[in-house]
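Asks: this one's sequence-less:
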């Protein structure tokens, strides 16, 4: 519904707003936070803009996983504690993978148009029959990661509640395996994937806020 110019202005407004918030947070904590911010700005710009166009080169999925599974959690912990806590990466891994699946699943209905436009992401490169198993793998790794973080004491046992939303992702995976070649049947899996990522993040955040870890 937006023109190309309107889309550009909207994207630049979001980018500038994000930069300003990052600078304020760095000023309130430590300038090294700007390193994370610069990496995030680069990923956000290079994701689609030339000359990098990372998504067109098959790096888009990795960009999303790095952003939501690495940069955001590491930056969030630094803002709160002024320390670099790398253990948080395992805690945030499920959320990063579930958010990546939102992008990944949306590429199935668009794969033919994307191929014509030169966007050679994983679904275009692998094809729907092979590509669907990447989604399934991401869900499995996300689910396995939660018990690992509980057993190592990184998060309290109540974090098992964050597995419940993954039932939606499991349902979406079943539908994708059945209908990977039929875009009309992927509306429900896309909605389930979005709901899963949001709910998992909210549940895990609530648990970490209310309950202290045992380790």
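Replies: Everything's here; your move. Owing to the predicted nature of the structure, the values given are computational and were not obtained by experimental measurement.
Asks: only C-alpha atoms for contact and neighbour calcs from this point on.
Replies: Noted.
Asks: got the contact list for the most centrally placed residue in the chain?
Replies: Central residue check for the chain by C-alpha atoms, centre = their mean: the C-alpha nearest the mean position is that of residue 99, 3.1 Å away. If a contact means C-alpha atoms under 8 Å, 6 or more residues apart in numbering, then residue 99 has 64-65, 68, 194, 197 as its contacts.
Asks: what do you get for residue 57?
Replies: 119-121.
Asks: what does residue 184 give?
Replies: Residue 184 makes contact with residue 109 under the criterion C-alpha under 8 Å, 6+ apart.
Asks: Can you tell me which of the contacts of residue 99 is nearest residue 150?
Replies: When these are compared for distance to residue 150 (C-alpha to C-alpha), residue 197 comes out closest, at 19.2 Å.
Asks: quick revisit: can you tell me the element the residue nearest to the centre of the chain falls in?
Replies: For residue 99, the element it lies in under DSSP states H and E is helix 88-117.
Asks: what's the following helix or strand after that helix?
Replies: Using DSSP H and E, the first helix or strand after helix 88-117 is helix 122-126.
Asks: which parts of that next one are buried?
Replies: Buried positions in helix 122-126, judged by neighbour count with 16 or more other C-alpha atoms under 10 Å: 122-124.
Asks: Taking helix 88-117 as reference, get the angle to the helix or strand hosting residue 134.
Replies: Using DSSP H and E, the element containing residue 134 is helix 128-151. Following axes from the mean of the first three to the mean of the last three C-alpha atoms, to 10 degrees, one obtains 170 degrees for the angle between helix 128-151 and helix 88-117.
Asks: what's helix 128-151 packed up against?
Replies: Applying 3 or more C-alpha pairs under 8 Å, 6 or more residues apart in numbering; DSSP states H and E, one finds that helix 128-151 contacts helix 88-117, helix 166-179.
Asks: Indicate which one of the ones you listed is closest to residue 3.
Replies: Closest of the helices and strands packed on helix 128-151 to residue 3 is helix 88-117, at 17.6 Å (criterion: C-alpha to C-alpha).
Asks: buried stuff in that closest one?
Replies: Of the residues in helix 88-117, those buried under the neighbour-count criterion (16+ other C-alpha under 10 Å) are 88-109, 111, 114.
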